[in-house]
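**Student:** need the 3D shape of this:
(2 chains)
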Amino acid sequence: MKKITKSFFLLSTMASAFAIAQTQDGSLGATSTGQIDLDLQVLDSVEITSLNSIDFGTYGAGNTGDINQGDSFCVYRNGGDGYTITPTSSNGSFELAGTDSNADTIEYTVRLNGAATGASSASAVSYNAASSTFNGSVFRDCSSTDNASIDVNIAEQEIRDATTDTYSDTLILLVNPI
Amino acid sequence: MTITKQSRKWFVALLFLAGTVSAQTDHVEVRTLADYAFGTYISAGSVQLENDHCVSSANSLNPNPPKSGQRYPYRLGVTGDGSDSSYYLYLDGNTAETGNRRVTIRFMHTDILEDAGMYHELFDSTYETHSHLGQFRNCVQNGSNSRLRIEINADELAAKTSGNYSGTFGISSLGGYSGTALDPGFSFFVSLTIASASEVQISALDAINLGSYAGNGSITASESFCVYSTALNGAYNIAITSTNQDASGNFFLVKDATGAKINYALTFVDSSVQQPYLEVGTSSLSGVGNNTAVDCGGQNNAAIAVNIQEQALLAAETGTFSDSIVLLVQPE
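**Tutor:** Numbering: from 1, shown residues only, chains lettered A, B, ... in the order given. Predicted structure coming up:
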C-alpha cells in the first residue's frame, strides 16, 4: 500500500530589492502639498493543500487487473499564475516498499493534472521531473473546490511479482511557481 | 502821423487778419487723474480700477471754440520707473525691490467717447500707437473722454509677499493740430495692500515601505506627519489623493510593468483632537494643526494609515507595486 501524507509547501522567493521611494514635504504658503510614496514587493507564493492519503486496499487471489487510485487537491498560486509539480518520494523512486523486512518493491506510475479530475488520462510524470504547467487559484483554499489531481497506477504484474506484505511510500509534491 | 479814414479801414482789416492767425493754437492737455487706491487684497482673484478724465486736443484754447475750431487726435503715455516696458508697484514703494516684492500691473487706455470699450495696453515711457480724437479744452461739451484702467492679475498677487505696495506714475499726451504738441501732464499715485493670508505647511513626511509579501495575512502601515496652520485655531482642510485613485475614491498600488492593481484602504487621523481614523475617499477632511510652530515642535499631529486585505495580496501577481499619495493642505 502506498501513502501520500498530507503535505504543505509554501515557497517564497525572499530576495527583494526596493527602489528608494521619494517623499517630499510641502512648503509654507496659502496651500501646501506633500507626497508619500508607497512600495510593496509581492513575492512568488504557492501552497498545496487538501491532500489525502491514497489507500490501495488489499489485492489477493480474487483480484485482477491494474490498480488505479488518485486524489484531488488544491494549489494556490499568487496572481493565479502558473506552476509545475515535481514529484519525488521517500523511497527514492516511484515504488512501494514492503514493510515486513522483505526486499520486494512494487513500481508505480504518477500522472498529474491541473484540474480536480482527469489525472488518469494525463501523461505519466518522470520521477523528480517537473510536470506540465498548470494555473493555480488566487484563493488559498481554492474556494473549497480542488483544482488539481494526481493518479497513481500499479500494473497487475508488479503486484503478482511481490511477496505478501504491506507496501507503502510517501509521495512528495513540490510546487514550483513559474 | 495822422490816420485818414481810408487808411483806418485797412488798419481794421489788418487787425482782423492778425486775430485769425492768433486763434490757431496747437493745444493738447491732460486733465487731472485721480490716484488709484486698491485697498487691501486678500486672495480675491484679479483686480482692476479705472479713472476717467479729460484729454483735449484742438486748434483752440477756447473750451467753447468758434466755428473755425477743430478737434485733433491725441496719444496718451504713462511713465513708470523706466526699468523696462512693464509697470510695477513696489513693496513699501522701494523701487529697488524685485521678485515677489514687486507687483506687475497693466495700464489699459480707452477713449470712452469713441473706442466703444476697446482698450489699448500702454507700455512704460512709450506713447500709445493708437490715437484718439481729443475734445475741446476741459471737455465741457461731451464730458470726460479718457479712461485709464489698471489691471492686476490674481496669480501675480498670490505670489507676492504681504505688505504695502505703491508706485508713482506720470501721465502725458501728444496731440494738437501738429500732432506733436506735448502736455507733460502730472503724476499720480497707485497703492495696494496685500494682506497676510493664512498659511499652512505639511512636513515630516516619509515614504511607507510595505515590505515583501510572501502570502500570509494582511498589511497595515501608517505614517505620521506635521501640519502647521495659521488659520483660526490652526484649522485646516486636507485633500488626500493618489496617482492611481479611481473616480470612486478607491486607492490602488499598481505594478507599472503590467498595470496589475492591489486595492488598499486609506485612512486619516488628526491626532491632535483624538478623533478616530477617518476613511479617505473623494472628499476632503478637516483637521486642527499646530498654529505656533512650523515644525509642530517635533510632535507630529496627523497620520495616514494604509491597510491591504489579505485576499487582495494573495490574488496579486508577483512584482513591485507602488503608489504616490498626495496630501494637499489649506487653511480652513
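**Student:** compute the distance between A:F56 and A:T105, please.
**Tutor:** Applying CB to CB, to the nearest Å, the value for A:F56 to A:T105 is 14 Å. Where C-beta positions appear, they are placed from N, C-alpha and C, glycine not excepted.
**Student:** mind listing the helices for chain B?
**Tutor:** Secondary structure of chain B (DSSP state H): helices at B:5-22, B:154-158, B:310-314.
**Student:** in terms of mean pLDDT, which of those ranks lowest?
**Tutor:** Ranked by mean pLDDT, those end with helix B:5-22 in last place, scoring a mean of 40.
**Student:** hey, where'd the strands end up in the stretch 201-332 of chain B?
**Tutor:** Assigned by DSSP state E, counting those that start in this stretch, the stretch 201-332 of chain B shows strands spanning B:208-213, B:219-229, B:235-242, B:251-254, B:261-269, B:278-279, B:285-288, B:302-308, B:319-331.
**Student:** right, is the fourth one up against chain A?
**Tutor:** Yes. Applying CB under 8 Å from any CB of the partner chain, one finds strand B:251-254 touching chain A at B:L253.
**Student:** ok, back up a step: between the strands of the stretch 201-332 of chain B, which gets nearest to B:Y177?
**Tutor:** strand B:319-331 (59.6 Å; CB to CB).
**Student:** from chain A, how far off is the residue lying closest to B:T40 once chain neighbours are set aside?
**Tutor:** Leaving aside its sequence neighbours, B:T40 sits nearest to B:T193 (CB to CB, 6 or more residues apart in numbering or on different chains; 4.5 Å). Noted for B:T193: a distance of 17 Å to chain A, by CB to the nearest CB, to the nearest Å.
**Student:** for B:A302, name its beta-bridge partners.
**Tutor:** Beta bridges link B:A302 to B:F225, judged by DSSP bridges.
**Student:** that one: how many residues sit nearby?
**Tutor:** 27 (other CB atoms under 10 Å in any protein chain shown).
**Student:** what's near enough to touch it?
**Tutor:** Contact analysis of B:A302 by CB atoms under 8 Å, 6 or more residues apart in numbering or on different chains lists B:S224, B:F225, B:C226, B:V227, B:I238, B:F268, B:V269, B:D270, B:S271, B:S272, B:G287, B:G289.
**Student:** give me that answer again for 7 Å
**Tutor:** Counting by CB atoms under 7 Å, 6 or more residues apart in numbering or on different chains, B:A302 touches B:S224, B:F225, B:V227, B:V269, B:D270, B:S271, B:G287.
**Student:** check B:N244 too.
**Tutor:** B:F251, B:F252, B:V254, B:D323.
**Student:** for A:E158, state which of those is nearest.
**Tutor:** Ranked by distance to A:E158 (CB to CB), the contacts of B:N244 are led by B:V254 at 54.9 Å.
**Student:** show the pLDDT at the nearest residue in space to that closest one that is not next to it in sequence.
**Tutor:** With sequence-adjacent residues excluded and distances taken as CB to CB, 6+ apart, B:V254 is closest to B:N244, at 4.9 Å. Looking at B:N244, its pLDDT is 96.
**Student:** distance of B:N244 relative to B:G259?
**Tutor:** Going from B:N244 to B:G259 by CB to CB gives 10 Å.
**Student:** how about A:D39?
**Tutor:** 17 Å.
**Student:** out of the two, which sits in the busier spot?
**Tutor:** Taking neighbours as other CB under 10 Å, A:D39 and B:G259 compare with A:D39 leading, 18 against 8.
**Student:** phi, psi for the residue nearest to A:N147 when sequence neighbours are not counted please.
**Tutor:** Nearest residue to A:N147 in three dimensions, chain neighbours excluded: A:S137, at 5.2 Å (CB to CB, 6+ apart). When read as degrees, to the nearest 10, the backbone of A:S137 gives phi -90, psi 150.
**Student:** what is A:S137 paired to in the beta sheet?
**Tutor:** Judged by DSSP bridges, the bridge partners of A:S137 are A:Y76.
**Student:** pLDDT score for it?
**Tutor:** On the pLDDT scale, A:S137 gets 98.
**Student:** so who does it touch?
**Tutor:** With contact set as CB under 7 Å, 6+ apart, A:S137 has these partners: A:C74, A:V75, A:Y76, A:G80, A:S143, A:N147.
**Student:** for the residue lying farthest from the centre of chain A, what are its contacts?
**Tutor:** For chain A, the residue at maximal distance from the C-alpha centroid (CA atoms, centre = their mean) is A:A30, at 60.4 Å. Shown in contact with A:A30 (CB under 7 Å, 6+ apart): B:S43, B:A158, B:A197, B:E199, B:Q330.
**Student:** redo the residues you listed as JSON lines? Include distance to chain A.
**Tutor:** Listed next are the contacts of A:A30 as JSON lines, based on distance: CB to the nearest CB, whole Å:
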{"residue": "B:S43", "distance to chain A": "7"}
{"residue": "B:A158", "distance to chain A": "7"}
{"residue": "B:A197", "distance to chain A": "5"}
{"residue": "B:E199", "distance to chain A": "6"}
{"residue": "B:Q330", "distance to chain A": "4"}
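**Student:** need the residues of the stretch 201-332 of chain B near chain A, please.
**Tutor:** Counting by CB under 7 Å from any CB of the partner chain, the stretch 201-332 of chain B comes close to chain A at B:201-210, B:212-215, B:223, B:225, B:253, B:294, B:304, B:306, B:313-330.
**Student:** buried among the residues you listed? Make that a PyMOL selection.
**Tutor:** Written as a PyMOL command, the selection of buried residues from those, which uses 16 or more other CB atoms under 10 Å in any protein chain shown, is:
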select buried, chain B and resi 201+202+203+204+205+207+208+210+212+213+214+215+223+225+253+304+306+313+314+315+316+317+318+319+320+321+322+323+324+325+327+328+329+330
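**Student:** hmm, A:V110 is touching A:E95, no?
**Tutor:** No. Using CB atoms under 7 Å, A:V110 is not in contact with A:E95; the gap is 11.2 Å.
**Student:** comparing these two, which residue is more hemmed in?
**Tutor:** Ranked by neighbour count (other CB under 10 Å), A:V110 and A:E95 place A:V110 first, with 22 against 18.
**Student:** isn't there a strand covering the more buried one?
**Tutor:** Yes. The assignment for A:V110 is a strand, going by DSSP: H, G, I helix; E, B strand; the rest coil.
**Student:** correct me, but B:N300 touches B:A204?
**Tutor:** Yes. B:N300 lies in contact with B:A204 (CB under 7 Å); the separation is 5.6 Å.
**Student:** return every residue with contacts to both of these two.
**Tutor:** Counting by CB under 7 Å, 6+ apart, the contacts common to B:N300 and B:A204 are B:F225, B:C226.
**Student:** cheers, nothing more for now.
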